[in-house]
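Asks: what follows is a predicted protein model with its sequence.
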Amino acid sequence: MASKYTAEIPEAILEQASVWHARMHDSDLQESQGCQLKAQFNTWLLADPLHRVAYDDMSSLWDVLAHSELSENDLILEPTVQKTFIKRVSRPFYAAVASVALFVAIAGVGWQQNWPLRLQSDYYSNVGEQKVVQLDDNSEIILNTNSAIKVNYTKQLREVVLLQGEARFNVAKNSERPFVVNTTQGTVTVTGTQFNISLYSDSATVSLFEGSVALTSNQARKLRKNLSANQQAKLFSTGIGAVSEFDAAVVNAWQRGQLVFYSAALSEVVAKLNRYRKGKIIITDDSVNNLQISGVFSINDPDAALEMITETLALKQTRLTDYLVMLH
């Protein structure tokens, strides 16, 4: 029932459309919240032609799956007018669950089974697995859960591409043969040192334990920052964040089987939990993204951590099988 464009729509856009479908059919919204949400929705809708196609697919599949009174005529989406009319349905929770079910039907539940990425990589770790990689020069890389790297060694350069996830690097010293880690955000250059890199959708956090490294952004190559021991910075494709000291116990926690958070935003916590469980946790309400979390959790039981977090913050969660959880 999906449009002919569905197969061409990136998975991230399908997920966004699914979440927007859930938001726009939540009858618990106050009038003031509804007006603001409609404006945000139209901004998102107009940002990319694929957004509308993906949303239309969500709406069409919803009609088939939910058999509700909602029809395509209930949505008036005018691309030239910043205004949207939405007919409220009496079962917003069911609508939200069904909406995300549509995303599962289109994209499947295999977010973490990224086979094209695995084919690109030389080494990868499964969800819940840590893997130690010994390189030819005696450098060691410890891959955290659901991570992947590609290795390209030449006589002049030792290059590693961190394709996904998080890794601890223990680099053998060789001043004549620099060691470089490339990410989608930028480059980390060293000669011999110990550091950790954690990738997120829009940034890479570099934490240096020993030695020194130089950070370079992909789109701002003239901008370069050096880190010394016990310093950390976020690397973006358009720049480099502020350099600050960090707590090594927090960064190293995953090697002890723990996740440690000090006043961390819920969005950051969820991003990390998603690395340790099969499936996906989605926050469907932007207003809770910055709620603060502090605590120590086991990486071996991310669902227990999720339960504790939702209870502490008085959040609601809806499970569409164990592979998909909505927080709101």
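Replies: Thanks, I have the structure now. On a predicted model such as this, the values are computed, not experimentally measured, just so you know.

Asks: contacts and neighbour counts: CA atoms only from here.
Replies: Fine.

Asks: any low-confidence regions in the stretch 201-328 of the chain?
Replies: 321 (pLDDT under 70).

Asks: could I get the full set of strands for it?
Replies: 204-210, 212-217, 224-228, 231-236, 239-240, 244-245, 258-265, 280-283, 292-298, 317-319, 324-327 (DSSP state E, counting those that start in this stretch).

Asks: shaky segments in the stretch 51-200 of the chain?
Replies: 60-115.

Asks: quick revisit: and the strands of the stretch 201-328 of the chain: which comes nearest Asn170?
Replies: strand 204-210 (9.3 Å; C-alpha to C-alpha).

Asks: what angle sits between the closest one and strand 212-217?
Replies: On the basis of axes from the mean of the first three to the mean of the last three C-alpha atoms, to 10 degrees, strand 204-210 is oriented at 170 degrees to strand 212-217.

Asks: partners of strand 204-210 in the sheet?
Replies: Sheet pairing for strand 204-210, assigned by DSSP bridges, gives strand 194-199 (antiparallel), strand 231-236 (antiparallel).

Asks: ok, now which ones touch Thr184?
Replies: 163, 218, 237 (C-alpha atoms under 8 Å, 6 or more residues apart in numbering).

Asks: now with 10 Å?
Replies: By C-alpha atoms under 10 Å, 6 or more residues apart in numbering, Thr184 lies in contact with 161-164, 199, 201-204, 217-218, 235-237.

Asks: highest neighbour count among the residues you listed?
Replies: Counting neighbours by other C-alpha atoms under 10 Å, the top entry in the contacts of Thr184 is Leu235, with 28 neighbours.

Asks: re the thing from before, now render the strands paired with strand 204-210 as TSV, adding distance to Ile141.
Replies: Formatted as TSV, these follow (distance: least, C-alpha to C-alpha, whole Å):
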stretch	distance to Ile141
strand 194-199	10
strand 231-236	19
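
Asks: how close does Gln255 sit to Lys131?
Replies: When distance is defined by C-alpha to C-alpha, to the nearest Å, Gln255 is 11 Å away from Lys131.

Asks: joint contacts of those two?
Replies: With contacts defined as C-alpha under 10 Å, 6+ apart, the residues shared by Gln255 and Lys131 are 142-144.

Asks: just the buried residues of those.
Replies: Buried members of the shared contacts of Gln255 and Lys131, counted by 16 or more other C-alpha atoms under 10 Å: 142-144.

Asks: which ones among those residues map onto strands?
Replies: Among these, DSSP state E puts 142-143 in strands.

Asks: which residue packs closest to Arg224, ignoring adjacent ones?
Replies: Thr216 (5.0 Å; C-alpha to C-alpha, 6 or more residues apart in numbering).

Asks: so what's that neighbour up against?
Replies: Thr216 sits in contact with 182, 185-189, 222-226, 235-240, where contact means C-alpha under 10 Å, 6+ apart.

Asks: which among these end up buried?
Replies: Buried subset of these (neighbour count, 16+ other C-alpha under 10 Å): 182, 185-189, 225, 235-240.

Asks: my read is that His21 contacts Ser59, right?
Replies: Yes: applying C-alpha atoms under 10 Å as the test, His21 and Ser59 come out as touching, 7.4 Å apart.

Asks: and the strands of the stretch 201-328 of the chain as TSV, adding distance to Arg118?
Replies: Listed next are those as TSV, based on distance: least, C-alpha to C-alpha, whole Å:
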stretch	distance to Arg118
strand 204-210	20
strand 212-217	25
strand 224-228	31
strand 231-236	24
strand 239-240	28
strand 244-245	33
strand 258-265	25
strand 280-283	19
strand 292-298	26
strand 317-319	28
strand 324-327	22
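
Asks: excluding its backbone neighbours, what's nearest Ala17?
Replies: Closest to Ala17 by C-alpha to C-alpha, 6+ apart is Tyr55, at 5.0 Å.

Asks: any idea which element that neighbour lies in?
Replies: Here Tyr55 sits within helix 49-66, counting by DSSP states H and E.

Asks: which residue, neighbours along the chain excluded, lies closest to Phe297?
Replies: Distance criterion C-alpha to C-alpha, 6+ apart; nearest residue to Phe297, sequence neighbours excluded, is Leu259 at 5.1 Å.

Asks: my error: substitute Ile282 in the last question.
Replies: Once flanking residues are discounted, Ile282 sits nearest to Met326: 5.0 Å by C-alpha to C-alpha, 6+ apart.

Asks: again with Val151
Replies: Excluding its sequence neighbours, the residue lying closest to Val151 (C-alpha to C-alpha, 6+ apart) is Val160, at 4.6 Å.
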